[in-house]
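Asker: Using only what follows, build the 3D model:
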Amino acid sequence: MEEKNEKTVTKVGDMNFVKTSVGTFGVYMADSMTSYLATGDQYDLYPATVAGQRVASWGSDNNLPANIRNLLERNHLAPGILDREIGLTWGQGPHLYKMDVTDNELTRTWAVDAEVQSWLDSWDYKEFIRDCMTEYKYLRGEFVRYYPAKSTRIGRPWINKLECLHSTKCRLVWPESGEMRDVNQIIYGNFETYLGAFSLYPKFDKYADLKGQVSVGYHNFRSFAREFYSLPSFFGAIPWIKRSNDIPEIIAYLTDNMIAAAYHVHEPQGYWDKKKDKVMQQYPEATSAELEAKMDEMREEVITQIANVLAGKHNVGKFFTSVDFYDEDGNLCQWKIEPVQMNIKDYIEAQTKISTIAESATTSGIGLHPSLSNIIIGGQLNSGSQLLYALKLYLSSDTSIPEEVILDPMNIALKINFPTKNLRMGFYHQVVMPEAAVSPDQRTNQKI
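Answerer: Take a look at the predicted model:
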C-alpha cells in the first residue's frame, strides 16, 4: 500500500482514498502502466538509446517484460493458470523422436540414442527447456544463448550447450531498415535499473556458417502487426487483471478503516444553553474565552462517552441515556442518534461482481479451458467427461505451436551436432482413456 500523502490520501491500487473532515471518499484514477499496456502504443516504430546503442523498444518504457512480471505476481489467478499450462504442455517431459509416415498418417517414433543422450547429459537440458517454456508462456518467445565449440572455427560445427536468458535483460538492436529480418545484434544488460555493463551479441542465424562465437537467438510466435517482439496472449485482458489485483486491497482497506457503522448525533441546543448558564454561575469572573474552553471540554466529554458506546465490537449491551426536556417556548429538546447508511454492503457486492468479470476475462485471455484451469463456474465442479474432452482438445490443438517455438533452439542444435540422425525433441504425452474404456483389472492394477 503506497502512501501518497500522509495526512489525507492513501493510494490502494488505482483507487485513491481521501480522508477529509467530513468523511472518506474513494477516487479512481488510471495510472500510466494501465494506459500504455492496455492501449498498445506504437512503441516499436522508433528506437530507444541504451548504452550508446539504438534498440527496439519493448513497451512504451522499454520495460514490458518486467511490467508483466510485476502485474502477474500480484494476481491470484493468472500465475496458477500459466503453471497449469506449462504442466499440460510438458506432459511426461521432453524426449527424442523420429517422424515417420504410417498408413498415410504422421506418427512419432520415440527413440533412445546413447550418443545424443551423452551430449544432453553434459549440460542441464531439461532446466533449459523449462526456462524456455516459462518465457514462452508469459511472453510467447524466448532469448537463447548458443555456445559453440572451438572446433567450429575449423569447419566442424558443434553446439556445446544452450542457455535460456531472461527477457527482462534482452533487447534487439535497431536495424537501419527498421525491420525484424535485418536485426543482426542483441544487447544484454539490466534494463530495469540500467546499472552495470551491457554486452552485444551477434544474432544467431541457423542458415549462416557458425564462426565459433557466442550468439543469441530470439525464437518467438509473431504477434500481428508487431515488428520486433511478441505480446502475451493475455495482453488485452491486462486492465481486468489489474482490476482483479486491486479489489482485495480495496476491500482490505475498507475493512480496516470503515468497518464500524457511522452515526449522526443530534445535539439539542437548549441542553448546551442550560449548561452554559450553569458554568457562568459557577465561574462568574471567567472571560468569554475561558467559558468557551469550559464548554468545549464538556462537549468532548459527552462526545467521547457517546463514541465509546457506539463504537467497538466489545460494547454489545452498552447504552447511552439522556433526559428530554422542554425549552421556554415549549419545544421538546432531546438527544437523537441516527445511523448513517454508507451502503458498504452494496459496494462490496459490486466489487465482487467486478471480480467475477475480471476472473473470467483473465482466464479467457490466457486461453485455457476453465475445467483445465481448475476454475469453479457457478459453484459447480466440472464433470470427468468435460475434463477429458477439454484435455484431448488441448493436446490436439494447443500444444503443437508452443512445442515448435519452445524446442526450436534444441532442434536446431540437434540438427547441427547430429545432421545424419534425423532426431528431434518433443514433449511426450500419454493417451488419457475414459474410465469406461479401462477394464476392472487395469483399474485395480493401476499404480499411483
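Asker: residue nearest the centroid of the chain?
Answerer: Leu72 (1.4 Å; Cα atoms, centre = their mean).
Asker: Can you pull the phi/psi pair for the closest residue to that one other than its chain neighbours?
Answerer: Counting by Cβ to Cβ, 6 or more residues apart in numbering, the nearest residue to Leu72 once its immediate chain neighbours are dropped is Ala78, at 4.9 Å. All C-beta atoms are positioned from the backbone trio N, CA, C, and that covers glycine. Per-residue torsions, Ala78: phi -60, psi -50 (degrees, to the nearest 10).
Asker: how much space between Ala78 and Gly59?
Answerer: For Ala78, the distance to Gly59 equals 18 Å [Cβ to Cβ, to the nearest Å].
Asker: Comparing these two, which residue is more hemmed in?
Answerer: Of the pair Ala78 and Gly59, Ala78 is the one with more neighbours under other Cβ atoms under 10 Å, namely 25 against 19.
Asker: OK, contacts around the more buried one?
Answerer: By Cβ atoms under 8 Å, 6 or more residues apart in numbering, the contact list for Ala78 reads Leu72, Phe234, Ile241, Thr362, Ile366.
Asker: Let me know the secondary structure of the first one.
Answerer: Read that as Leu72. At Leu72, secondary structure determined by DSSP: H, G, I helix; E, B strand; the rest coil is helix.
Asker: how much space between the residue nearest to Leu72 and Glu359?
Answerer: On the measure of Cβ to Cβ, Ala78 and Glu359 end up 10 Å apart.
Asker: Serialize the contacts of Ala78 to a markdown table and add fields for pLDDT, secondary structure and distance to Thr134.
Answerer: Below are these laid out as a markdown table (pLDDT from 0 to 100; DSSP: H, G, I helix; E, B strand; the rest coil; distance: Cβ to Cβ, whole Å):
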| residue | pLDDT | secondary structure | distance to Thr134 |
| --- | --- | --- | --- |
| Leu72 | 89 | helix | 12 |
| Phe234 | 85 | coil | 15 |
| Ile241 | 84 | helix | 18 |
| Thr362 | 77 | helix | 18 |
| Ile366 | 76 | helix | 14 |
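Asker: can you give me the strands in the stretch 101-250 of the chain?
Answerer: Ranges of strands in the stretch 101-250 of the chain, per DSSP state E, counting those that start in this stretch, are 105-110, 141-148, 159-165, 170-172, 185-188, 199-202, 215-220.
Asker: so of those, which one's packed in deepest?
Answerer: strand 170-172 (a mean of 25; mean count of other Cβ atoms under 10 Å).
Asker: Check which strands are paired with that strand and give the direction for each one.
Answerer: strand 185-188 (antiparallel) (DSSP bridges).
Asker: which other residues reach the strand it pairs with?
Answerer: So strand 185-188 is contacted by 50-51, 53, 55, 143, 165, 169-173, 198-203, 216, 218 (Cβ under 8 Å, 6+ apart).
Asker: Among the contacts of Ala78, which one sits closest to Trp123?
Answerer: The nearest member of these to Trp123, counting by Cβ to Cβ, is Leu72 at 29.3 Å.
Asker: who's in contact with that closest one?
Answerer: By Cβ under 8 Å, 6+ apart, Leu72 lies in contact with Ala78, Pro79, Leu82, Tyr138, Ile241.
Asker: residue ranges with poor pLDDT in the stretch 251-400 of the chain?
Answerer: Low-confidence segments of the stretch 251-400 of the chain (pLDDT under 70): 255-264, 309-327, 335, 337-344, 369-387, 389-390, 393-394, 396-398.
Asker: can you map out the helices along it?
Answerer: Under the criterion DSSP state H, counting those that start in this stretch, the stretch 251-400 of the chain contains helices at 269-282, 288-310, 344-366, 384-397, 400-406.
Asker: deepest of the ones you listed, which one?
Answerer: For those, the highest mean count by mean count of other Cβ under 10 Å goes to helix 400-406, at a mean of 18.
Asker: How far does the helix or strand following that one sit from its chain's centre?
Answerer: Using DSSP states H and E, the next helix or strand after helix 400-406 towards the C-terminus is helix 408-417. A distance of 33 Å separates the centroid of the chain from that of helix 408-417, by Cα atoms, centre = their mean, to the nearest Å.
Asker: Between strand 159-165 and helix 408-417, find me the angle.
Answerer: 170 degrees (axes from the mean of the first three to the mean of the last three Cα atoms, to 10 degrees).
Asker: Against Trp240, how distant is Ile250?
Answerer: 15 Å.
Asker: about what we covered before: want to throw the helices of the stretch 251-400 of the chain into CSV with distance to Glu105?
Answerer: Formatted as CSV, the helices of the stretch 251-400 of the chain follow (distance: least, Cβ to Cβ, whole Å):
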stretch, distance to Glu105
helix 269-282, 94
helix 288-310, 78
helix 344-366, 32
helix 384-397, 14
helix 400-406, 15
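Asker: My guess is Met410 contacts Leu423. True?
Answerer: No - assessed by Cβ atoms under 8 Å, Met410 is found out of contact with Leu423, at 10.5 Å.
Asker: Tell me which of the two has more neighbours.
Answerer: Here Met410 and Leu423 are compared on neighbour count by other Cβ under 10 Å; more neighbours surround Met410, at 21 against 18.
Asker: so what's that one up against?
Answerer: By Cβ under 8 Å, 6+ apart, Met410 lies in contact with Pro94, Tyr125, Phe128, Ile129, Leu162, Met425.
Asker: What pLDDT does the model give the nearest residue to the fourth one once chain neighbours are set aside?
Answerer: Read that as Ile129. The shortest distance from Ile129 to any non-neighbouring residue, by Cβ to Cβ, 6+ apart, is to Pro94 (5.3 Å). Listed pLDDT for Pro94 reads 94.
Asker: And for the one 5 residues further on?
Answerer: Listed pLDDT for Met99 reads 89.
Asker: in what helix or strand does it lie?
Answerer: Counting by DSSP H and E, Met99 is found in strand 94-102.
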